[in-house]
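Chemist: A predicted structure for the sequence below; I have some questions about it.
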Amino acid sequence: MGYARAMNEIQPLALFVVGPTASGKSALALEIAERLGGTIINADSMQLYRELRIITARPSAEEEARMPHLLYGVRPAAEAASVAWWRDAALVAMEQARAAGRLPIICGGTGMYCAALTQGLAAIPPIPAPAREEARRLLAEEGPAALHARLATLDPTSAARLRPSDSQRIARAYEVWRGTGRGIAAWQAEASAAPAPWRFAALLLDPPRDRLRAAIATRWAAMIQAGAVEEVRALLAQGLDPALPAMRAHGVPEIAAMLAGRLTARETSARAILATGQYTKRQATWFRHHELAPTEQTYIINARFEGFTQFSESESAKFFAFLDFIR
């Protein structure tokens with residue numbers, strides 16, 4: 001009996017469909033769900049927020065109606081979602097799919113979410129409000145680079161893992177150190193939530209950079225045409241804390257600057273497309289260096305996914321042989 005068949009008798013299967021933004025993950029997940037009888041579970045940290053359907057390129061209402069989709073648009077932008085919250089919600093969604101006799105298909109580009117299932121999660125204690133407020137105040141007053149410099153002095157191990165421009169994670173690391181007296185890296189080294197009791201396989205989309213850049217630009221134009229500016233205008237009208245994750249979704253800061261008169265429409269598009277492209281480089285690097293499953297359980301698609309018809313006959317045969325193998 002093969003590895004996959006033997007493991008199937010012990011643990012249920014869940015399939016990751018992961019990769020950088022605009023690589024075609026949602027389209028691939030939907031086609032697999034239709035062919036295999038799956039439930040698609042969101043693993044994109046921005047597609048969680050209900051106010052951001054257009055700017056995050058969430059599946060359309062029509063696409064959601066074709067197959068079950070869970071954890072899309074389930075949080076208000078005013079409430080930041082944590083990795084721990086997502087992990088708990090995803091496990092519930094996976095069990096829901098399993099109970100219905102469906103394959104859980106975890107689709108997204110937030111690597112930390114995927115790792116929380118496959119590697120477990122550290123149980124960081126609740127952070128006192130004063131520590132959170134101090135972190136957000138320093139971030140607003142000094143900016144992420146200065147707060148990163150503070151963190152490098154206080155908690156060099158955690159700071160070394162963060163980019164000086166990654167405001168959300170820098171603020172989180174600072175508040176953890178301030179609120180617990182220990183660095184976030186130290187907490188993460190003591191994982192208390194074990195890996196999920198599932199057998200994971202992964203489809204990793206890793207398209208060429210030129211095709212990805214073109215897809216990002218095309219998608220941005222489509223989002224603007226679909227009403228992204230109006231969506232961001234409505235988000236800004238809520239007067240939310242600018243440090244909230246939803247306020248920093250790709251395209252939101254740039255459109256906000258345009259609405260404030262600081263950028264032209266052309267400048268807004270150029271900056272948003274550039275920022276998204278830079279982010280996809282980091283995503284691709286993360287997925288290449290973090291195993292989500294044993295090597296034989298991962299299939300890499302070196303193309304932007306636009307439909308099974310794009311595959312050659314031999315590629316299609318290999319792809320479906322992989323899906324048959326893991327099941």
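Modeler: Structure received.
Chemist: what residue ranges in the stretch 151-300 of the chain score low on pLDDT?
Modeler: For the stretch 151-300 of the chain, the stretches with pLDDT under 70 are 191-192, 291-296.
Chemist: So which residues of it form helices?
Modeler: 156-159, 167-180, 184-188, 209-226, 228-236, 252-259, 265-289 (DSSP state H, counting those that start in this stretch).
Chemist: deepest of those, which one?
Modeler: Across the helices of the stretch 151-300 of the chain, averaging neighbours per residue (mean count of other Cβ atoms under 10 Å) puts helix 167-180 on top, at a mean of 22. (Each C-beta comes from the backbone N, C-alpha and C, glycine too.)
Chemist: Counting by contacts, list what that one packs against.
Modeler: helix 129-142, helix 144-154, helix 156-159, helix 184-188 (3 or more Cβ pairs under 8 Å, 6 or more residues apart in numbering; DSSP states H and E).
Chemist: so how far does stretch 115-127 reach from one end to the other?
Modeler: 22 Å (Cα to Cα, to the nearest Å).
Chemist: Which parts of the stretch 1-150 of the chain are helices?
Modeler: 3-8, 25-36, 61-66, 83-99, 111-118, 129-142, 144-154.
Chemist: With distance to Arg199 added, can I get the helices of the stretch 151-300 of the chain in TSV?
Modeler: Formatted as TSV, the helices of the stretch 151-300 of the chain follow (distance: least, Cβ to Cβ, whole Å):
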stretch	distance to Arg199
helix 156-159	32
helix 167-180	30
helix 184-188	24
helix 209-226	30
helix 228-236	38
helix 252-259	37
helix 265-289	19
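Chemist: Nearest to Asn302, out of those?
Modeler: Shortest distance between Asn302 and the helices of the stretch 151-300 of the chain, using Cβ to Cβ, is found for helix 209-226: 10.1 Å.
Chemist: Bridged to Asn42, which residues?
Modeler: Cys107 (DSSP bridges).
Chemist: Tell me how many other residues surround Pro130.
Modeler: Pro130: 11 surrounding residues under other Cβ atoms under 10 Å.
Chemist: Look up how far Arg327 lies from it.
Modeler: When Cβ to Cβ, to the nearest Å is the yardstick, Pro130 and Arg327 sit 51 Å from each other.
Chemist: can you check Ala243 too?
Modeler: Ala243 is 43 Å from Arg327, by Cβ to Cβ.
Chemist: out of those two, which sits in the busier spot?
Modeler: Ala243 (17 against 13).
Chemist: residue contacts, the closest residue to the more buried one other than its chain neighbours?
Modeler: What sits nearest to Ala243 in space, not counting adjacent residues and going by Cβ to Cβ, 6 or more residues apart in numbering, is Arg136, at 5.0 Å. Contacts here follow Cβ atoms under 8 Å, 6 or more residues apart in numbering; on that basis Arg136 touches Ala171, Asp241, Ala243.
Chemist: returning to that earlier point: can I get the helices and strands packed on helix 167-180 in a markdown table including distance to Leu274?
Modeler: Converted to a markdown table, the helices and strands packed on helix 167-180 look like this (distance: least, Cβ to Cβ, whole Å):
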| stretch | distance to Leu274 |
| --- | --- |
| helix 129-142 | 23 |
| helix 144-154 | 18 |
| helix 156-159 | 26 |
| helix 184-188 | 29 |
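Chemist: which one of the ones you listed lies closest to Ala201?
Modeler: helix 184-188 (25.0 Å).
Chemist: what's in contact with the closest one?
Modeler: Contacts for helix 184-188 (Cβ under 8 Å, 6+ apart): Ala122, Ala123, Ile124, Asp155, Thr157, Ser158, Arg161, Arg172, Ala173, Val176, Trp177, Thr180.
Chemist: repeat that for 7 Å
Modeler: Ala122, Ile124, Thr157, Ser158, Arg161, Arg172, Ala173, Val176 (Cβ atoms under 7 Å, 6 or more residues apart in numbering).
Chemist: Over to stretch 304-312?
Modeler: Contacts to stretch 304-312, defined as Cβ under 7 Å, 6+ apart, come from residues 23-24, 27-28, 31, 205, 207, 211-212, 215, 303, 316, 319.
Chemist: Buried residues in it, which are they?
Modeler: Arg304, Phe305, Phe311 (16 or more other Cβ atoms under 10 Å).
Chemist: Same check on stretch 186-195?
Modeler: Ala186, Trp187, Gln188, Ala193.
Chemist: any chance of the contacts of helix 184-188 in TSV, plus distance to Thr39?
Modeler: Formatted as TSV, the contacts of helix 184-188 follow (distance: Cβ to Cβ, whole Å):
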residue	distance to Thr39
Ala122	28
Ile124	30
Thr157	39
Ser158	36
Arg161	33
Arg172	30
Ala173	34
Val176	34
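Chemist: Kindly indicate which of the residues you listed lies nearest Arg50.
Modeler: Checking the contacts of helix 184-188 one by one against Arg50 (Cβ to Cβ), the nearest turns out to be Arg172, at 22.7 Å.
Chemist: so what's the closest one up against?
Modeler: Ile184.
Chemist: now swap in Ser269 and tell me
Modeler: Trp220.
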